[in-house]
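Engineer: With the input below, show me the fold.
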Amino acid sequence: MPKITILEKTNLQDDHWHSMVISLLRGLAALQVAAAHLRALQYPGFATVEKPPLLFLGLAFGSGFAYLAVIVFFVLSGWLVGGSFLNKLTSERAFQHYAIDRASRLWVVLVPTFLVVLVAGASVGELDTKHVSFSATEPYSVGAFLGNMIGLQTIIVPPFGANFPLWSLANETWYYVLFPLLILVFRARTIATRAVAMLAIGAIVQLVHSTILLYFSIWLLGAAFSRVKIEVGQVSRWALLLLLVGCAVFIRLKGTTDFTLKEYPEYLVFSLIFVLFLSSMQFKRQASPKLDRLDRTGRFFANFSFTLYVLHVPMIVVMGYVLRSVFGIAQLSPHSMLHFLIYAGMYLMLVLGAYLFYLPFESNTPRVRQWLKAQLFARGGTVRL
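Structural biologist: Residues are numbered from 1 along each chain as shown. The predicted structure follows:
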């Protein structure tokens with residue numbers, strides 16, 4: 001029988017199996033999304049290809065897990081962000097530190113990425129450099145820029161520069177806000193604070209899409225199971241892993257490609273199996289050169305996964321423009337081996353470009369946080385909530 005333990009604190013130690021799995025999946029999820037969007041933007045739709053060759057079949061199937069990759073991001077975000085916040089809840093200025101950590105996590109990457117989006121839009125002729133728009137409906141407007149900075153894309157404004165993967169950041173942003181508000185409802189010291197938190201939650205419910213609220217439950221699932229340790233045998237852990245992979249393949253073969261109420265039960269089942277598997281991996285792994293290399297590889301890709309996620313579409317747009325204007329290739333052909341090599345080269349450029357972009361920006365997020373906290377907390381007192 002499995003032994004279930006409720007942990008007092010979320011285990012975020014790097015030398016445990018679940019931490020290595022989390023790093024690997026963060027990197028793989030971002031790589032999957034980039035591969036999927038590159039295929040979708042450069043190749044014809046799979047349904048339109050007559051007698052698709054085996055290589056294209058493999059590419060289409062292998063790069064078709066992008067929506068599940070986003071579900072993985074939501075679960076892991078709840079596990080890491082929610083779990084970390086719960087660990088620090090009793091510390092001084094917990095809510096202030098949390099707000100700075102979340103804002104810096106987003107803005108240190110988004111601001112330079114949005115500048116790249118502007119350059120990309122101007123390069124391909126989609127941006128009118130002679131006219132500055134403040135409209136909330138135009139993708140390159142000041143209104144869209146500001147709205148995307150605070151998670152209003154797909155709610156009030158479009159994704160900035162038509163960078164469509166940014167839709168999921170609206171979900172993330174509001175999950176970051178909703179979670180501490182829920183904590184305040186149950187744990188605030190005063191009734192007034194609890195009432196204000198409830199009013200804020202009510203306002204958010206009125207503002208955001210119903211699907212954002214629906215999939216918040218998956219984010220919360222990650223946060224909740226970060227405190228659950230399940231001790232089972234090796235056979236049971238392998239069974240959970242195989243069940244997780246099988247569920248992912250089933251969803252892929254079914255062709256689920258959206259985030260609505262209809263698809264929610266499938267994603268919820270996948271997420272439940274996922275968190276059960278992660279909870280069963282909460283034990284220390286033995287030191288091993290092969291495992292250490294695998295862990296370092298996972299952390300390498302996980303470190304710039306956010307940059308890759310938000311940057312890959314403008315890079316694809318520019319590379320596609322070069323293919324059309326310089327080489328006369330409007331669309332890659334599923335029947336050409338040369339075009340598969342071009343796809344592979346473009347994909348490598350996406351990954352390398354994201355890594356190089358990560359170095360001056362995302363990698364310095366901890367330094368930005370330290371500086372902000374030093375400036376903001378130098379003279380201020382502690383706010384008791």
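
Engineer: So I230: helix, strand or coil?
Structural biologist: Using DSSP: H, G, I helix; E, B strand; the rest coil, the structure places I230 in strand.

Engineer: Which residues does it form beta bridges with?
Structural biologist: According to DSSP bridges, the partner residues bridging I230 are I4.

Engineer: Can you give me the pLDDT of it?
Structural biologist: I230 carries a pLDDT value of 97.

Engineer: That one and W17, how far apart?
Structural biologist: I230 is 12 Å from W17, where distance means Cβ to Cβ, to the nearest Å. Every C-beta, even on glycine, is put in place using the N, C-alpha and C of the backbone.

Engineer: Kindly report the same for Y98.
Structural biologist: 27 Å.

Engineer: residues contacting the residue most central in space within the chain?
Structural biologist: Centroid-nearest residue in the chain, with Cα atoms, centre = their mean: F73, separated by 4.4 Å. Contact analysis of F73 by Cβ atoms under 8 Å, 6 or more residues apart in numbering lists 26, 29, 168, 172, 309.

Engineer: What ranges does the chain have for its strands?
Structural biologist: 3-6, 228-231 (DSSP state E).

Engineer: W79: which of those strands is closest?
Structural biologist: strand 228-231 (10.4 Å; Cβ to Cβ).

Engineer: Next, the buried residues of the closest one.
Structural biologist: 228-230 (16 or more other Cβ atoms under 10 Å).

Engineer: quick one: common contacting residues for I230 and W17?
Structural biologist: By Cβ under 8 Å, 6+ apart, the residues touching both I230 and W17 are Q282.

Engineer: and F277, how many residues sit next to it?
Structural biologist: 22 (other Cβ atoms under 10 Å).

Engineer: neighbours of the residue nearest to it when sequence neighbours are not counted, just the number please.
Structural biologist: Nearest residue to F277 in three dimensions, chain neighbours excluded: L240, at 4.3 Å (Cβ to Cβ, 6 or more residues apart in numbering). The tally of other residues near L240 (other Cβ under 10 Å) stands at 20.

Engineer: Might one say that L240 is in contact with I273?
Structural biologist: Yes: the criterion here is Cβ atoms under 8 Å, and L240 meets it with I273 at 6.5 Å.

Engineer: tell me which residues in the longest helix along the chain are buried?
Structural biologist: For the chain, the helix that runs over the most residues, judged by DSSP state H, is helix 94-123. If you call a residue buried by 16+ other Cβ under 10 Å, then helix 94-123 has these buried ones: 94, 96-98, 100-106, 108-110, 112-114, 116-118, 120-121.

Engineer: end-to-end on stretch 136-150?
Structural biologist: One end of stretch 136-150 to the other measures 13 Å (Cα to Cα, to the nearest Å).

Engineer: OK, contacts around L169?
Structural biologist: Listed by Cβ under 8 Å, 6+ apart, the contact partners of L169 are 106, 110, 148, 151, 153, 310.

Engineer: now for those residues, which pair is the farthest apart?
Structural biologist: Farthest apart among the contacts of L169 - using Cβ to Cβ - are G151 and V310, which lie 13.1 Å from each other.

Engineer: residues contacting G320?
Structural biologist: G320 sits in contact with 41-42, where contact means Cβ under 8 Å, 6+ apart.

Engineer: To clarify, my last question referred to Q153.
Structural biologist: 144, 147, 159-160, 166-167, 169-170.

Engineer: how does it look with 6 Å?
Structural biologist: Taking Cβ atoms under 6 Å, 6 or more residues apart in numbering, we find Q153 in contact with 159, 166, 170.

Engineer: Same question for S236.
Structural biologist: Counting by Cβ under 6 Å, 6+ apart, S236 touches no other residue.

Engineer: Might one say that T129 is in contact with S123?
Structural biologist: No: the criterion here is Cβ atoms under 6 Å, and T129 misses it with S123 at 10.4 Å.

Engineer: Pull the number of nearby residues for R227.
Structural biologist: 20.

Engineer: wait, isn't it in contact with E8?
Structural biologist: No: using Cβ under 6 Å, R227 is not in contact with E8; the gap is 8.0 Å.

Engineer: and E263, how many neighbours?
Structural biologist: 18.

Engineer: nearest residue to E263 other than its sequence neighbours?
Structural biologist: Nearest one to E263, counting by Cβ to Cβ, 6+ apart, is T256 at 5.0 Å.

Engineer: Relative to K9, how far out is that neighbour?
Structural biologist: 35 Å.

Engineer: out of the two, which sits in the more crowded spot?
Structural biologist: T256 (18 against 12).

Engineer: Which pLDDT value goes with that one?
Structural biologist: 74.

Engineer: Could you do G380 as well?
Structural biologist: 57.

Engineer: Ok, H131 next?
Structural biologist: For H131, the model assigns a pLDDT of 80.

Engineer: Same question for V196.
Structural biologist: On the pLDDT scale, V196 gets 97.
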